[in-house]
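[1] pasting the sequence and the predicted coordinates here, then a few questions.
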Amino acid sequence: SAQPPADLALQARLAIALEPAAGRWSVSAVELALKGSTGAAPAAVEAKLALASIAGAPGALQGGPATLALRHSAPGGTTNALDVALPAFASRDGALGPVALAMTVAHAHGRSRLQARLALPLSARLGTDGPWLARLEASDLRGDLEGQVDGRAVQATLRARAALDPSAGVAELERLAIKASLAATDLGAGAVTLALDGRGRHGPGGHLAFDGAGRLGDGALRVSLARPGPTDPLAIDLEVDQLDLDRLRPTPAKPAPGADARIDLAGLQGLALEARLRAGQLRAGGVRLSSVRMDVAARNGRLTVAPVLAAVHGGRIEAAAALWQEETPRASLRLSLAGVRVGPLLEEFAGRSLLDGRTQLRAELSAAGVDRAAMLRSLAGTAALQVSDGRLRGEAIAALYREAGRAPAVGGGEAPTAQAGAP
């Protein structure tokens, strides 16, 4: 496929000195400036690099100070910024540092505003007869993040030890400790907290592994990532004692009149993922589930969520869903409820229930469309519903009469109950 167009202008000024016989080199008075646009929907790009000097010889390196500034502005109001500052440094006896590298990253889009600050005290061991950099290490990496995500205040801290061995092609992350909180500033809900400790490794051939454990909210959390090679899918295993998705869900923004965002599945292209979620207790859409199992796979532009298994109100739920792109985005859903009490389920989901009983439901649905409205208009499929031991609650009957404008005068005592026999 054709590459997105780019219109970039580069200005550069620097001085280079080389002494190949002695293995010495130097670059000084570096000033680089890049400005222009990239992409089919042009995004503005600007970069500036300033470096006083850098010089190397076998087992020796010195240079700095240096600054780097990157700016990226995309259509739709998304902006990204990166600022890096490196002080002057010099090696001694083949060792360098620690050098206090400082980095600031900022992102803004819609109701999201994030700023992260990283402090990396870098130390290095220099090579003499092999790669000029034998090992790079940040023994006390520190990061802080704050801002808002879809209107929710977020704060996080990160502490870790990181090391890079270029000759072996190995990067390691040890003593990782993350603490984060996410709160709904406009809803007043309590913060969701995360505490995670772990370690990871990226090795030759694209091998990736990470293992972590901690707490998410009030429950224990265990997570692992693995990818044997660059063409293999990333495998994610997530186990939680308790998970409240409603507290994590962003507050919906008020859409413009008549606006309905197009469904964009471009992110599925090139995504290779296999994820497994296990939760002892889970809340989603107001409904409380237990013994939850969910498997997710993304490959070749298709996202599959199957199976989804859970216990809910005396019964079981089983579901499978898929989302993919053809000429237009397409979706499918297969849903089964067995022995679920419909009264408590409707009360949790809709806040009101006129009906109670045990439900048997089987549904197979499909839809296609460029936005949510088109998806709903095209919704098609089959569904079969049975309610055994069904009944309308007495107060529900009275409510039906009132809504019909012909409520009878009801005296004391219990309201009548309508019974529905088993099908």
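    Looks like it arrived, so ask away.
[2] point me to the helix or strand that includes the closest residue to Ala297 other than its chain neighbours.
    Leaving aside its sequence neighbours, Ala297 sits nearest to Thr304 (Cβ to Cβ, 6 or more residues apart in numbering; 4.8 Å). All C-beta spots, glycine's among them, are computed from the backbone N, C-alpha and C. Secondary structure assignment for Thr304, by DSSP states H and E: strand 302-312.
[3] residues of stretch 313-332 that come out buried?
    Across stretch 313-332, burial judged by 16 or more other Cβ atoms under 10 Å covers 313, 315, 317-325, 329-332.
[4] correction: stretch 5-20
    Under 16+ other Cβ under 10 Å, stretch 5-20 has no buried positions.
[5] ok, stretch 267-280 next?
    Residues of stretch 267-280 classed as buried by neighbour count (16+ other Cβ under 10 Å): Leu268, Glu274, Ala275, Leu277, Arg278, Ala279.
[6] tell me the one of those nearest Thr231?
    Distance to Thr231, by Cβ to Cβ, is smallest for Glu274 among these, at 13.3 Å.
[7] okay, the angle between the helix or strand where the closest one lies and strand 302-312?
    Here Glu274, judged by DSSP H and E, is contained in strand 273-284. Angle of strand 273-284 versus strand 302-312, following axes from the mean of the first three to the mean of the last three Cα atoms, to 10 degrees, is 40 degrees.
[8] per-residue confidence for Ala380?
    Listed pLDDT for Ala380 reads 95.
[9] that one is in contact with Ala368, isn't it?
    No. Using Cβ atoms under 8 Å as the test, Ala380 is too far from Ala368 to be in contact (9.4 Å).
[10] settle it for me: which of these two has more neighbours?
    Set side by side, Ala380 and Ala368 show more neighbours around Ala368, with 18 against 9, by other Cβ atoms under 10 Å.
[11] hmm, back to that, of the buried residues of stretch 267-280, which one scores lowest on pLDDT?
    For these, the pLDDT minimum is Leu268, 87.
[12] could you pull up the residues touching the residue lying closest to that residue once chain neighbours are set aside?
    With sequence-adjacent residues excluded and distances taken as Cβ to Cβ, 6+ apart, Leu268 is closest to Gly301, at 4.9 Å. By Cβ atoms under 8 Å, 6 or more residues apart in numbering, the contact set of Gly301 is Leu265, Leu268, Gln269, Trp324, Gln325.
[13] which pair in the residues you listed has the greatest spatial separation?
    Across those, no pair lies farther apart than Gln269 and Trp324, at 10.6 Å, counting by Cβ to Cβ.
[14] doesn't Leu234 make contact with Phe210?
    No. In this structure, Phe210 is not within contact of Leu234 by Cβ under 8 Å, at 10.2 Å.
[15] sec struct for Ala373, please.
    Recorded secondary structure, Ala373: helix (DSSP: H, G, I helix; E, B strand; the rest coil).
[16] what about it, how many neighbours?
    Counted with other Cβ under 10 Å, residues neighbouring Ala373 total 11.
[17] mind checking pLDDT for it?
    Turning to Ala373, the model gives it a pLDDT of 89.
[18] just Val305 next, same as before
    Val305 is assigned a predicted lDDT (pLDDT) of 96.
[19] who's it bridged to?
    As for beta bridges, Val305 partners with Val296, Ala321 under DSSP bridges.
[20] isn't it up against Ala322?
    Yes. Counting by Cβ under 8 Å, Val305 does reach Ala322; the two are 7.4 Å apart.
[21] list the residues that contact both of the two?
    Common neighbours of Val305 and Ala322 (criterion: Cβ under 8 Å, 6+ apart): none identified.
[22] elements contacting the host helix or strand of Arg391?
    For Arg391, the element it lies in under DSSP H and E is strand 380-392. On a contact count with 3 or more Cβ pairs under 8 Å, 6 or more residues apart in numbering; DSSP states H and E, strand 380-392 meets strand 355-368, strand 418-420.
[23] give the rounded mean pLDDT of the longest one.
    If I follow you right, that is strand 355-368. 90.
[24] what about Asp246, which SS state?
    Asp246 - assigned by three-state DSSP - is helix.
[25] oh sorry, the question was meant for Gly205
    helix.
[26] tell me the phi and psi of the residue nearest to it when sequence neighbours are not counted?
    Excluding the flanking residues, the one nearest Gly205 by Cβ to Cβ, 6+ apart is Gly229, at 5.3 Å. Backbone torsions for Gly229, taken as degrees, to the nearest 10, come to phi -150, psi 170.
[27] hang on, the earlier thing: show me which of Phe210 and Leu234 is the more surrounded one.
    Higher neighbour count among Phe210 and Leu234: Phe210, with 17 against 14, using other Cβ under 10 Å.
[28] buried residues in the strand or helix carrying that one?
    Using DSSP H and E, Phe210 maps to strand 208-216. If you call a residue buried by 16+ other Cβ under 10 Å, then strand 208-216 has these buried ones: Leu208, Phe210, Gly212, Gly214, Arg215, Leu216.
[29] stretch 235-254 now?
    Buried residues in stretch 235-254, defined by neighbour count with 16+ other Cβ under 10 Å: Ala235, Ile236, Leu238, Glu239, Val240, Asp241, Gln242, Leu243, Asp244, Arg247.
[30] who's in contact with that stretch?
    So stretch 235-254 is contacted by 110-111, 149-152, 182, 184, 186-187, 189-190, 192, 216-227, 273-286 (Cβ under 8 Å, 6+ apart).
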